[in-house]
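Student: Coordinates only, no sequence provided:
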């Protein structure tokens, strides 16, 4: 497109925007900007009135309360690196993630006949892996591959387990205590 053709189109587009349209756009921009400023002021007020952080509010940032050497023990004994437990599906599910380091050592975690469960350390309640009819258990049971991250979902009916709670994951003889839910 050459410049003369573009210049010929300019007057056509100038006619589309009347004074009323420009005023409407200006008022809309002013209203949106005003709402944003009011929202930021309310958020700042809420932050200033909030209580100072405590150990329980800072706890969800950690993956566990175990010593780092315990993670090495899991890697040596079970061939997995624990990633953590996270809330999923609006809090109605708990997702346990782990990375396989040694596929041979991690095989017991993938056996189909083993029924994993999660224990809420605060209440002692046990949560199982759901098994919908069409897709089966919400866990991996194919042979593990080193370097891959695997997951497992646990039901959390009534959102019993919350962020910051401590849980234990049990898969057969494998037991991972003291995991913090993020």
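Tutor: Looks like it came in fine. In this text, all values refer to a predicted model and were calculated from it rather than measured experimentally.
Student: what residues go with each domain of the protein?
Tutor: Following automatic domain parsing, the chain resolves into domains at 3-49, 57-180.
Student: worst average pLDDT in the ones you listed?
Tutor: Mean pLDDT is lowest for domain 3-49 among the domains of the chain, at a mean of 47.
Student: List the contacts of the helix or strand containing residue 74.
Tutor: Element membership of residue 74, judged by DSSP states H and E, is helix 68-78. With contact meaning C-beta atoms under 8 Å, 6 or more residues apart in numbering, helix 68-78 is reached by 64, 80-82, 101-102, 105-106, 108-109, 174, 176. For every residue, glycine as well, the C-beta is placed using N, CA and C.
Student: let's go with 6 Å and repeat that
Tutor: Residues from elsewhere that reach helix 68-78 (C-beta atoms under 6 Å, 6 or more residues apart in numbering): 81-82, 101, 105, 174.
Student: Over to stretch 97-112?
Tutor: Residues outside stretch 97-112 that contact it (C-beta under 6 Å, 6+ apart) are 75, 78-83, 141, 144, 146, 148-151, 171-172, 174.
Student: how does it look with 8 Å?
Tutor: 75, 77-86, 114, 140-151, 171-174.
Student: Equivalent analysis for stretch 120-140, please.
Tutor: Stretch 120-140 is contacted by residues 93-94, 110, 115-119, 150-156, 160-161, 165-168, 177-178 when judged by C-beta under 8 Å, 6+ apart.
Student: out of these, which are inside strands?
Tutor: Counting by DSSP state E, the part of the contacts of stretch 120-140 found in strands is 93-94, 117-119, 150-155, 166-168, 177-178.
Student: Can you select the buried ones among these for me in ChimeraX?
Tutor: Selecting the buried subset of those in ChimeraX, with 16 or more other C-beta atoms under 10 Å as the burial test, is done by:
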select :93,94,118,119,150,152,153,154,155,166,167,168
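Student: ok so, going back, would you mind pulling up the elements that whatever helix or strand comes next after the helix holding residue 74 packs against?
Tutor: For helix 68-78, the following helix or strand on the C-terminal side (DSSP H and E) is strand 80-88. Strand 80-88 sits against helix 68-78, strand 93-100, strand 174-180, with contacts defined as 3 or more C-beta pairs under 8 Å, 6 or more residues apart in numbering; DSSP states H and E.
Student: Highest average neighbour count across those: which stretch is it?
Tutor: Of all these, strand 93-100 has the most neighbours on average by mean count of other C-beta atoms under 10 Å, namely a mean of 21.
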